[in-house]
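Asks: Need the 3D shape of this:
(4 chains)
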Protein chains: 2
Amino acid sequence: MLFRLNPQAGQPLYLQLMQQIRHAVDTGVLRQGDQLPGIRTLSEEIVVSHTTVAKAYAELEHEGLLEIRHGSGAFVAARSGGKSRSEKLRSAQERVHALVETLRQERFTAEEISRLFEAELFYPAQARSRGDE
Amino acid sequence: MLFRLNPQAGQPLYLQLMQQIRHAVDTGVLRQGDQLPGIRTLSEEIVVSHTTVAKAYAELEHEGLLEIRHGSGAFVAARSGGKSRSEKLRSAQERVHALVETLRQERFTAEEISRLFEAELFYPAQARSRGDE
DNA sequence: TGAACTGTACTGGTGTTAGCGTACAGTAGG
DNA sequence: CCTACTGTACGCTAACACCAGTACAGTTCA
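Replies: Numbering: from 1, shown residues only, chains lettered A, B, ... in the order given. Predicted coordinates:
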């Protein structure tokens, strides 16, 4: 199990870690019931505070992906594949909703927004062809 | 011209003001070339600091909706619909890209993401059916 | 020119969030 | 029991966004 964080990524460290753990579960590197490394062990490995790891674990438990037992450790939840799926879906819905709402306020029509997404989804190479402002 | 802000809305005051000005332009209450109230006049009316109004004006100028002339005032830009369009589009693309990227990392397929968006775009009522956490 | 209007720059207070370290609390095994 | 491991709670700092006030700078017109 090898996680690697990038402090310069602009994304919070605990979120990066969460994504990597999710990915590990998705790809089968971590299976249901598997124990995760202790927060201190892991924190030394990826060079962050152990409280940052704890925060990632806690969030993932809240998502339903992990099960944490105080004093024993953190484990991949039994129904991680199914249960967390609906959680993820809800979370995804919220984010999609927020973005669509914002774009609408900027006077984009539903068709325009739809086009933006389809371009990003099905022609990601073309859609991405410029720097920041 | 009557703007009203709600400090309890959770949304920054300058953003609220920006939206209301956009709306005024959209509905024709403000037309191309029209002068907006001075930042101090308006700030007294809606009871915020004049720097907050200035920020809203400045952002809208950056968007291309307004044209500000130091010493003279703020005016609705001539091509308020067109010029800022490409800027807004770029910004929108970036945000769409970021979200799609994240969702992909969470193992959503292109089809699923597409469905999420279409639901939000064309059936917003159903898609929204819960509070925050 | 100078007074009265316009917007701008700068500084500081407040609230939120990420991240860290210390101290605390539960669990398991000798 | 006590030690060595687990996670947890709390307080601190840095960075950032929002917003306010003060001082500054450009424009207009009598």
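Asks: Please identify the buried residues of the strand or helix carrying A:T41?
Replies: Secondary-structure assignment from DSSP states H and E places A:T41 in helix A:39-46. Buried positions in helix A:39-46, judged by neighbour count with 16 or more other Cβ atoms under 10 Å in any protein chain shown: A:39, A:42-43, A:46. Using the backbone N, CA and C atoms, a C-beta is placed for each residue, glycine as well.
Asks: The nearest residue to A:F108 once chain neighbours are set aside and B:G38, how far apart?
Replies: Excluding the flanking residues, the one nearest A:F108 by Cβ to Cβ, 6 or more residues apart in numbering or on different chains is B:A92, at 6.5 Å. Between B:A92 and B:G38 the distance is 32 Å, computed by Cβ to Cβ, to the nearest Å.
Asks: which one of the two has more residues nearby?
Replies: The residue with more neighbours, out of B:A92 and B:G38, is B:A92; 18 against 13, by other Cβ atoms under 10 Å in any protein chain shown.
Asks: Would you mind pulling the contact partners of the helix holding A:T41?
Replies: Applying Cβ atoms under 8 Å, 6 or more residues apart in numbering or on different chains, the contact partners of helix A:39-46 are A:3-5, A:17, A:36-37, A:49-54, A:57, A:74.
Asks: mind redoing it with 7 Å?
Replies: Here helix A:39-46 makes contact (Cβ atoms under 7 Å, 6 or more residues apart in numbering or on different chains) with A:3-5, A:49-50, A:52-54, A:57.
Asks: repeat for stretch A:12-30
Replies: With Cβ under 7 Å, 6+ apart as the test, stretch A:12-30 has contacts from A:1, A:3, A:5-7, A:9, A:48, A:52-53, A:55-56, A:59-60, A:65, A:76, A:80, B:105-107.
Asks: got the CA positions of the helix holding A:T41 in PDB?
Replies: Output of helix A:39-46 as PDB, limited to C-alpha atoms (Å, rounded to 0.1, in the frame of the first residue of the first chain):
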ATOM      1  CA  ILE A  39      -2.800   6.700  11.600                       C
ATOM      2  CA  ARG A  40       0.700   7.200  13.000                       C
ATOM      3  CA  THR A  41       2.300   4.600  10.800                       C
ATOM      4  CA  LEU A  42       0.700   6.100   7.700                       C
ATOM      5  CA  SER A  43       1.300   9.600   8.700                       C
ATOM      6  CA  GLU A  44       5.100   9.000   8.900                       C
ATOM      7  CA  GLU A  45       5.000   7.300   5.600                       C
ATOM      8  CA  ILE A  46       3.400  10.100   3.700                       C
END
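Asks: near DNA strand D at all, it?
Replies: Yes - Helix A:39-46 lies within reach of DNA strand D by Cβ under 7 Å from any atom of the strand, at A:39-41.
Asks: Neighbours of the residue of chain A found nearest DNA strand C, how many?
Replies: Closest approach between chain A and DNA strand C, counting by Cβ to the nearest atom of the strand: A:G71, at 2.3 Å. Around A:G71 there are 4 other residues, counting by other Cβ under 10 Å.
Asks: Now do the SS call for it.
Replies: Secondary structure, DSSP: H, G, I helix; E, B strand; the rest coil: A:G71 is coil.
Asks: show me the contacts for A:V53.
Replies: Contacts for A:V53 (Cβ under 7 Å, 6+ apart) come out as A:17, A:39, A:42-43.
Asks: now, which of the residues of helix A:39-46 next to DNA strand D sits nearest chain B?
Replies: Taking Cβ to the nearest Cβ as the measure, chain B sits nearest to A:I39 out of the residues of helix A:39-46 next to DNA strand D, at 22.7 Å.
Asks: Over to A:N6: give its phi and psi.
Replies: Per-residue torsions, A:N6: phi -120, psi 100 (degrees, to the nearest 10).
Asks: That one: how many residues sit nearby?
Replies: Count around A:N6 with other Cβ under 10 Å applied: 9.
Asks: got a list of what it touches?
Replies: Per Cβ under 7 Å, 6+ apart, neighbours of A:N6: A:Q16.
Asks: Which neighbours in the sheet does the helix or strand harbouring A:E67 have, and how are they oriented?
Replies: Here A:E67, judged by DSSP H and E, is contained in strand A:66-69. As defined by DSSP bridges, the strand partners of strand A:66-69 come to strand A:73-76 (antiparallel).
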